[in-house]
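# Build me a model:
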Amino acid sequence: MSTNITRALKMLKNLPRVNLSNLRPLPGNESKKKDLSQRGKYAGGKSGRSDKGQRNTGNLPRLGFEGGNTPFYMQIPKEPFYKGWHARKSYKQIDMHFLQRMIDLGRIDPKFPIDMASITNTRLFHVNVEKKEHGFWLTEAGADSFTSCINIEVQWASEVVIAAIERNGGTITTRYYDPLSLLALSDVLRFFKAGKPIPRCHLPTQDVIEYYTNPKNRGYLADPDLIREDRWELSQKYGYTIPDVDAEIEKMMAIRKDTRQVFFNLEPGWIVNLKEKCIYKPTDSEYVEYYKS
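Numbering: from 1, shown residues only. Model prediction:
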């Protein structure tokens, strides 16, 4: 007797706990639901449907219909603040104090140009394209304590941030990327493993074209001569002198991407094969002309 009790207790111990997710009726006690689409099977008549109305015909009103009354969304006044909200761009914010900390800890190498791929490769920041995030916004926090000489590319920056970087001999460029290019830059390893060709970056949309063509914002579409003049004017405004740098650092500071280029040293249309450690380049004249146009 004791052996059977022990065996039963052991079986109960191994059984899952009873909860709402694993409750089931006994076999044979389930009532079959009527398939109302087949009216001839259930004694004719209304076949389980009501006499009149929506339950009988199966027609429901459209979404937002309030029985003929003026709908709620038409009664409230229009708010111009939300005009064009679906097309507004958001940016992931990075302050200069955290940027200096990443450089000091070795997560970012200041000897090479810094772009969105360099920041996302640290695994500390991620750009969510589905939530309409269009890159990084370098904020002013920690601008007084920033001491690194870097060549950085971001999507949005203020005048104080530009002055803090150029005060140390560095350069900054504000750059626009379309959604396909953002997907490639947000996760470089995943994009290269997919075996897709590097996309050709599109030009800015109409709402931001003025920002990226303004030399005061260091836009990548601005005139280089006007940017050089504005660098001197900004140094006079904030009272600093742009320091001289070595020839190698000056050469690194002059590195820029083409307007259609997404990655440094990689052209649009190329396919990076990580497994074979090689790069496939298009040879057809039509493809070459398309990616270079």
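# CA atoms for contacts and neighbours, from now on please.
Will do.
# residues near Ser145, how many?
By other CA atoms under 10 Å, the residues close to Ser145 number 11.
# all strands for the chain, in order.
With DSSP state E as the criterion, the chain has strands at 90-95, 133-139, 151-154, 156-157, 171-174, 271-273, 278-280.
# Could I get the ones you listed in CSV, plus columns for mean neighbour count, mean pLDDT and distance to Ala163?
Converted to CSV, those look like this (neighbours: other CA atoms under 10 Å; pLDDT from 0 to 100; distance: least, CA to CA, whole Å):
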stretch, mean neighbour count, mean pLDDT, distance to Ala163
strand 90-95, 16, 92, 14
strand 133-139, 21, 93, 12
strand 151-154, 23, 95, 13
strand 156-157, 22, 94, 10
strand 171-174, 23, 95, 10
strand 271-273, 19, 93, 37
strand 278-280, 11, 93, 39
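# which residue ranges form the helices in the stretch 51-200 of the chain?
With DSSP state H, counting those that start in this stretch as the criterion, the stretch 51-200 of the chain has helices at 54-57, 72-75, 96-104, 116-120, 159-166, 179-186, 188-193.
# quick one: buried residues of the helix ranked longest in the chain?
Secondary structure of the chain per DSSP state H: the longest helix is helix 224-238. Within helix 224-238, the residues scored as buried using 16 or more other CA atoms under 10 Å are Ile227, Asp230, Arg231, Leu234, Ser235.
# other SSEs contacting it?
In this structure, helix 224-238 packs against helix 159-166, with contacts taken as 3 or more CA pairs under 8 Å, 6 or more residues apart in numbering; DSSP states H and E.
# what is the mean pLDDT for the helix it packs on?
Helix 159-166 shows a mean pLDDT of 94.
# Likewise for stretch 213-222?
94.
# how about the CA coordinates for it, as PDB?
Extracted in PDB, the C-alpha atoms of stretch 213-222 (Å, rounded to 0.1, in the frame of the first residue of the first chain):
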ATOM      1  CA  THR A 213      22.800  72.700 -47.400                       C
ATOM      2  CA  ASN A 214      23.600  75.300 -44.700                       C
ATOM      3  CA  PRO A 215      27.300  75.800 -44.000                       C
ATOM      4  CA  LYS A 216      26.500  76.900 -40.500                       C
ATOM      5  CA  ASN A 217      25.200  73.400 -39.700                       C
ATOM      6  CA  ARG A 218      28.200  71.800 -41.500                       C
ATOM      7  CA  GLY A 219      25.800  70.100 -43.900                       C
ATOM      8  CA  TYR A 220      27.400  67.600 -46.300                       C
ATOM      9  CA  LEU A 221      25.700  69.400 -49.300                       C
ATOM     10  CA  ALA A 222      27.100  72.800 -48.300                       C
END
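# Can you give me the buried ones in the helix-or-strand element of the chain with minimal mean pLDDT?
Scoring the helices and strands of the chain by mean pLDDT, DSSP states H and E places helix 54-57 at the bottom, with a mean of 74. By neighbour count with 16+ other CA under 10 Å, helix 54-57 contains no buried residues.
# Check the offset of that helix from the chain's centre.
Taking the mean of its C-alpha atoms, helix 54-57 sits 46 Å from the chain's own mean (CA atoms, centre = their mean, to the nearest Å).
# do stretch 60-68 as well
For stretch 60-68, the distance to the chain centre is 37 Å (CA atoms, centre = their mean).
# hmm, who's touching it?
Contacts to stretch 60-68, defined as CA atoms under 8 Å, 6 or more residues apart in numbering, come from residues Gln54, Pro71.
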